[in-house]
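*Asks:* fold the following and give me the result.
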Amino acid sequence: WNVMAMDQSQTLVPSHVADSLRNYIEHFFQCDVCRLNFMAEYDACSHDRCNRLITNTKGATLEQYTQFPLWLYETHNAVNVRLRKERIELHDEPEGETTETQVMWPPQESCSACWLSEGRWDEHSVYQYLHETYWPQSNPNTKQHASVTGGKPSPNRIPEGVPNEGDLNGITVRLVGVVLAVVLIAFIWQRKRQFDRKGFHKKRESDIV
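*Replies:* As a prediction, the model looks like this:
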């Protein structure tokens, strides 16, 4: 996979990976409400997806590649905000008990540099926090969360040169892993459905006799 990551002709395109995620959720996600909400948001280019996720890797920058995990991060937090609003409307949660920022990830106490003010975050700090939380071994120059707990935020912009050198290959390898996992799960689930329909998992009466 490292060889594939080094080959520009094999580099995964963030918009294509996002499309694969959408298709997986459309055909295999079991929660109908979740599935329909995600598809509606995706097809409406929510969170500026259609402009943020590149469709061609030629001349792509590291900053453009980081937009994919940041888009997923914003999509996830938008769900948390929507669910909070629904709880309040259904009177399952008193209004004023929480703020929008409090239901977003990461918690402010875990990454103070990630948050600029209520509902506003610093993209550079959020990306670094994501990187250090889920892939801490891939960045040898980083101590766990050190760069985001004391760093100076810059409003919603990733400075040039971030992430560190070599991160493009790391991002590509992780995107390959996501796609392979989705394809494998889909294949196993589809095969199970075929076996269940044909009764391959059951012994025939004639076999027992």
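*Asks:* all helices of this protein, in order?
*Replies:* 2-6, 14-28, 32-43, 49-52, 62-89, 123-134, 146-149, 167-198, 205-208 (DSSP state H).
*Asks:* which of the residues in stretch 90-99 are classified as buried?
*Replies:* Glu93 (16 or more other Cβ atoms under 10 Å). Backbone N, C-alpha and C define where each C-beta goes, glycine included.
*Asks:* now it - C-alpha only, CSV.
*Replies:* Below are the C-alpha coordinates for stretch 90-99, written out as CSV (Å, rounded to 0.1, in the frame of the first residue of the first chain):
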residue,chain,number,x,y,z
LEU,A,90,-39.8,17.0,22.1
HIS,A,91,-39.2,18.3,25.6
ASP,A,92,-36.8,15.4,26.3
GLU,A,93,-34.2,18.0,27.2
PRO,A,94,-34.8,21.4,28.9
GLU,A,95,-33.9,24.4,26.8
GLY,A,96,-30.7,25.9,28.0
GLU,A,97,-29.4,22.7,29.6
THR,A,98,-26.7,22.5,26.9
THR,A,99,-25.2,24.7,24.2
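*Asks:* adjust the sequence numbering to begin at 19 for everything that follows.
*Replies:* Shifting the count to begin at 19 puts that one at stretch 108-117.
*Asks:* run through who's touching that stretch.
*Replies:* Residues from elsewhere that reach stretch 108-117 (Cβ atoms under 8 Å, 6 or more residues apart in numbering): Arg102, Arg105, Ile106, Glu136.
*Asks:* any idea how far Thr116 is from the last one?
*Replies:* Summarising the geometry, the distance separating Glu136 from Thr116, computed by Cβ to Cβ, to the nearest Å, is 12 Å.
*Asks:* now the first one
*Replies:* If you measure Arg102 against Thr116 using Cβ to Cβ, the figure is 6 Å.
*Asks:* cool, and the third one?
*Replies:* When distance is defined by Cβ to Cβ, Ile106 is 9 Å away from Thr116.
*Asks:* what do these two both touch?
*Replies:* Joint contacts of Ile106 and Thr116 (Cβ under 8 Å, 6+ apart) do not exist.
*Asks:* ok, and the closest non-adjacent residue to Thr84?
*Replies:* Leaving aside its sequence neighbours, Thr84 sits nearest to Tyr145 (Cβ to Cβ, 6 or more residues apart in numbering; 5.2 Å).
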